[in-house]
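# output the structure for:
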Amino acid sequence: RRIEHRRQQPGRPSTGRVVRGEDEWLVFIPDALPAYITIEQYRANLARLAANAARAETPGTVRSGPALLAGLVRCGRCGKRMTVRYHQHAGSTRPDYVCARQMTDYGSGERCQALNGACVDAFVTAQVLAALAPAALEVSLRAAQQVLAERAELDKIWSQRLERAAINADRARRCYRLAEPENRLVVRQLEKDWEQALAAQQTLQEEYDRFTQTRPRTLTAAEQRAITALAGDIEGLWSAETTTDADRKEIIRALVEQVTVTVLGTSERVTVTITWAGGRTTTGETTRPVALLQQLSYYPQIKERIRELAGQGHRAEAIAQRLHAEGFRPARGRGNRISASAVKAILRELGTLPPPARPRSASPPGEEPGRDEWWLEDLATELDMPAVTLYSWIYRSWVNARKESRRPYRWILHAGPTQLAELRERRTRPPGWYTRLRWTDTEPTIPTQDEDQTASSHL
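Residues are numbered from 1 along each chain as shown. A predicted model of the protein is given here:
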């Protein structure tokens with residue numbers, strides 16, 4: 001801890017201390033005083049704490065939540081780490097992977113990309129389960145046996161070094177005891193050699209103890225047979241109720257270093273690159289649910305196929321069944337086929353299907369639309385605006401309207417040529433026009449009696 005004078009407070013000499021990194025220390029004397037842990041363990045603890053911190057450059061520790069790749073997903077466009085956002089859908093929690101680093105850090109820009117997390121989790125899970133197949137597990141067990149054999153060789157070398165150090169210490173002890181006390185200089189040198197031999201023996205013993213602490217756990221023959229038997233049902237163990245999301249995340253992190261995802265445009269295609277522990281990579285492609293049918297990469301093929309089937313005389317329901325049989329899938333994963341209503345919408349877009357004409361029930365006697373009167377849907381079509389917007393105009397008294405006295409209580413609006421021109425002009429005004437007028441008008445205008453009567457007639 002070094003004192004930074006800019007952070008010191010007057011009258012408080014203990015303030016202003018700043019923790020510096022090890023590369024900025026002025027003095028470093030290891031093993032000067034007895035410690036609870038070794039310097040290697042201390043550095044390992046610091047590295048673990050830094051890795052467990054939830055920061056942009058580190059994956060962080062395993063947390064709760066169904067997102068199996070939290071902290072491991074990186075954006076394939078900008079290279080930043082993607083964050084996890086959860087939302088509720090049909091009573092369950094669904095994860096999304098979002099790259100919005102510019103918005104998070106600087107409050108500007110747009111999201112780089114975002115996608116549903118279930119598709120990426122399913123793809124990576126399949127690859128991990130394939131890596132945990134019985135054949136791969138058998139190879140891993142054999143590799144573990146080879147590692148144990150190598151450790152046995154190293155252990156033999158360590159035992160020989162310890163035996164040599166013990167012999168040297170014993171020889172120094174015997175030389176010291178056989179020396180004559182009158183030869184003080186010789187005795188002092190022999191005593192110094194004995195102390196050095198004992199110190200070297202103790203240092204070597206401590207290094208051997210640290211080496212044995214890192215020894216991998218030896219599996220017994222029964223444990224190896226149990227692991228091999230369980231390897232035949234890896235998928236069952238993965239999806240078992242006793243296996244938690246935290247367990248699955250730990251398994252994935254033991255095998256996977258990072259996952260890079262790239263959404264191709266705004267389509268459903270997602271390129272996934274898995275970087276395994278050790279540096280090897282696996283690249284594949286998965287699909288994500290999208291909002292619109294037009295976002296699908298094969299939407300032009302769908303339109304062309306619908307045009308061909310409609311030309312052959314097939315109706316919408318039959319076209320939907322043919323598309324499903326030929327492998328075309330909808331935008332979202334809710335259904336397994338493109339619906340007939342979506343086929344009809346595409347047929348209308350292609351101009352091969354006229355818009356549906358629903359028969360309109362008769363109005364009560366004496367309540368039929370008269371001169372310069374419109375049904376709400378017809379007036380909305382005439383003004384080229386949504387019917388719901390015209391509803392709001394009715395409730396704001398911007399258009400004169402009446403309602404039928406019995407079901408279905410339809411609206412009948414009055415709009416002559418003059419009112420139609422005013423409504424079209426009102427339609428062209430930008431959003432927030434009337435809100436801005438409240439703040440920009442410095443002096444309220446008081447309408448005259450003629451203007452008031454004209455305005456009331458329009459309402």
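# where do the strands sit along the stretch 51-200 of the chain?
For the stretch 51-200 of the chain, applying DSSP state E, counting those that start in this stretch gives strands covering 73-75, 83-89, 92-99, 113-116.
# okay, these, which one's buried deepest?
strand 73-75 (a mean of 23; mean count of other Cβ atoms under 10 Å). Placement of C-beta: from N, CA and C, glycine included.
# just checking, what packs against that one?
Using 3 or more Cβ pairs under 8 Å, 6 or more residues apart in numbering; DSSP states H and E as the contact criterion, the elements in contact with strand 73-75 are strand 256-263.
# in the strand it packs on, what's buried?
Across strand 256-263, burial judged by 16 or more other Cβ atoms under 10 Å covers 256, 258-263.
# for stretch 322-339, same thing?
322-323, 328-331, 338.
# got those as a markdown table, with secondary structure columns?
Output for the buried residues of stretch 322-339, formatted as a markdown table (DSSP: H, G, I helix; E, B strand; the rest coil):
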| residue | secondary structure |
| --- | --- |
| 322 | helix |
| 323 | helix |
| 328 | coil |
| 329 | coil |
| 330 | coil |
| 331 | coil |
| 338 | coil |
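# closest one of these to residue 49?
residue 331 (44.6 Å; Cβ to Cβ).
# isn't the closest one up against residue 287?
No: applying Cβ atoms under 8 Å as the test, residue 331 and residue 287 come out as separate, 10.2 Å apart.
# shared neighbours, the two?
The contact sets of residue 331 and residue 287 overlap at residue 268 (Cβ atoms under 8 Å, 6 or more residues apart in numbering).
# just grab the bridge partners of the residue most central in space within the chain for me.
Nearest to the mean C-alpha position of the chain, by Cα atoms, centre = their mean, lies residue 97 at 2.5 Å. For residue 97, the beta-bridge partners under DSSP bridges are residue 84, residue 115.
# ok, and the closest non-adjacent residue to residue 50?
residue 58 (6.6 Å; Cβ to Cβ, 6 or more residues apart in numbering).
# list the contacts of the one you found.
50-52, 71.
# ok, residue 131 next?
Taking Cβ under 8 Å, 6+ apart as the test, what residue 131 contacts is 255, 276.
# pretty sure the residue nearest to the centre of the chain contacts residue 118?
No: with contact defined as Cβ under 8 Å, residue 97 does not count as touching residue 118 (10.1 Å).
# ok, longest helix in this protein?
helix 134-178 (DSSP state H).
# mind telling me what element residue 300 is part of?
In the assignment (DSSP states H and E), residue 300 maps to helix 299-311.
# okay, that helix in CSV with CA atoms only?
The C-alpha coordinates for helix 299-311 follow below in CSV (Å, rounded to 0.1, in the frame of the first residue of the first chain):
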residue,chain,number,x,y,z
TYR,A,299,-38.2,-16.9,-47.5
PRO,A,300,-37.7,-16.3,-51.3
GLN,A,301,-37.8,-20.1,-51.9
ILE,A,302,-41.1,-20.2,-49.8
LYS,A,303,-42.7,-17.4,-51.9
GLU,A,304,-41.6,-19.1,-55.1
ARG,A,305,-42.9,-22.5,-54.0
ILE,A,306,-46.2,-21.0,-52.9
ARG,A,307,-46.6,-19.3,-56.2
GLU,A,308,-46.0,-22.6,-58.0
LEU,A,309,-48.4,-24.6,-55.8
ALA,A,310,-51.1,-21.9,-56.2
GLY,A,311,-50.6,-22.0,-59.9
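# any low-confidence regions in this protein?
134-141, 143-144, 147, 215-219, 223-232, 333-335, 353-359, 431-459 (pLDDT under 70).
# for the residue in it sticking out farthest from the centre, give its distance to residue 174.
Ranked by distance from the centre of the chain (Cα atoms, centre = their mean), the top residue is residue 182, with 80.8 Å. With the distance defined as Cβ to Cβ, to the nearest Å, residue 182 ends up 19 Å from residue 174.
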